[in-house]
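In: predicted structure and sequence below. I'll ask about it afterward.
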Amino acid sequence: MAAGSTYTPIQTIPVTNASTGTITFSSISGYTDLVLVVTGGCDAGGFALRFNGDTGSNYSITYLAGTGSAASSGRQTSQTRIDAGGIVGGQTINSNTLISIQNYSNTTTFKTILSRTNTASSEVVAIAGLYRSTSAITSVSAIAINGTGLFINGSSATLYGIAAA
């Protein structure tokens with residue numbers, strides 16, 4: 001992220017009914033980096049990110065996870081999304097996830113994300129992700145995966161822009 005930067009709230013989207021499976025922020029521009037904060041979570045299995053509606057196999061992650069008594073790690077390559085929270089056991093109910101999206105508007109490099117999730121079940125997940133596209137990111141979608149594929153009521157997602165000071 002840019003040194004001396006400030007967070008500017010772009011939009012907050014609350015989940016107020018049990019039929020929300022995708023939360024999308026669009027028409028994003030004018031910042032150096034982005035930060036997405038998701039609180040609450042999904043019924044099971046976590047959530048993933050897609051950028052610009054791209055469903056191609058352009059995403060990869062490396063993750064580390066732990067519960068205090070067990071740890072795991074792994075990689076996923078050539079995926080159609082970035083699994084961004086709840087990798088271990090799908091425990092994202094009552095979780096907090098902070099996702100940093102660096103240099104999202106650059107049109108000469110691939111985009112990277114760093115995600116940190118803490119869950120009510122004392123699970124911690126850290127993810128480094130890559131979106132293999134040089135297109136500027138203009139929309140970010142959080143997509144509930146597994147289970148019924150829905151975010152739980154009371155969840156919310158807030159997108160912040162980081163502007164160089």
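Out: Sure, I can see it.

In: shaky segments in this structure?
Out: Applying pLDDT under 70 to the chain flags residues 1-5, 44-45, 86-94, 120-122, 147, 164-165.

In: ok, which stretches of it are strands?
Out: Assigned by DSSP state E, the strands in the chain fall at 5-14, 22-25, 33-40, 47-51, 59-66, 71-79, 82-85, 95-102, 111-118, 124-131, 140-144, 156-164.

In: can you put those strands in TSV and add mean neighbour count?
Out: Heads up, the C-betas are built off the backbone N, CA and C, glycines and all. Shown next, in TSV, are the strands of the chain (neighbours: other CB atoms under 10 Å):
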stretch	mean neighbour count
strand 5-14	14
strand 22-25	17
strand 33-40	21
strand 47-51	25
strand 59-66	18
strand 71-79	12
strand 82-85	26
strand 95-102	20
strand 111-118	20
strand 124-131	20
strand 140-144	23
strand 156-164	18
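
In: pipe those strands into JSON lines and attach distance to residue 150 per row.
Out: JSON lines is the format used below for those (distance: least, CB to CB, whole Å):
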{"stretch": "strand 5-14", "distance to residue 150": "14"}
{"stretch": "strand 22-25", "distance to residue 150": "10"}
{"stretch": "strand 33-40", "distance to residue 150": "11"}
{"stretch": "strand 47-51", "distance to residue 150": "10"}
{"stretch": "strand 59-66", "distance to residue 150": "22"}
{"stretch": "strand 71-79", "distance to residue 150": "21"}
{"stretch": "strand 82-85", "distance to residue 150": "15"}
{"stretch": "strand 95-102", "distance to residue 150": "15"}
{"stretch": "strand 111-118", "distance to residue 150": "18"}
{"stretch": "strand 124-131", "distance to residue 150": "20"}
{"stretch": "strand 140-144", "distance to residue 150": "5"}
{"stretch": "strand 156-164", "distance to residue 150": "14"}
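
In: and stretch 47-63, how far out from the chain's middle?
Out: Distance of stretch 47-63 from the chain centroid (CA atoms, centre = their mean, to the nearest Å) equals 9 Å.

In: compute the first-to-last residue distance for it.
Out: Distance across stretch 47-63, first residue to last, is 14 Å (CA to CA, to the nearest Å).

In: same question, stretch 37-54
Out: Using CA to CA, the two ends of stretch 37-54 sit 21 Å apart.

In: if I look at residue 37, how far off is residue 109?
Out: For residue 37, the distance to residue 109 (CB to CB, to the nearest Å) stands at 24 Å.
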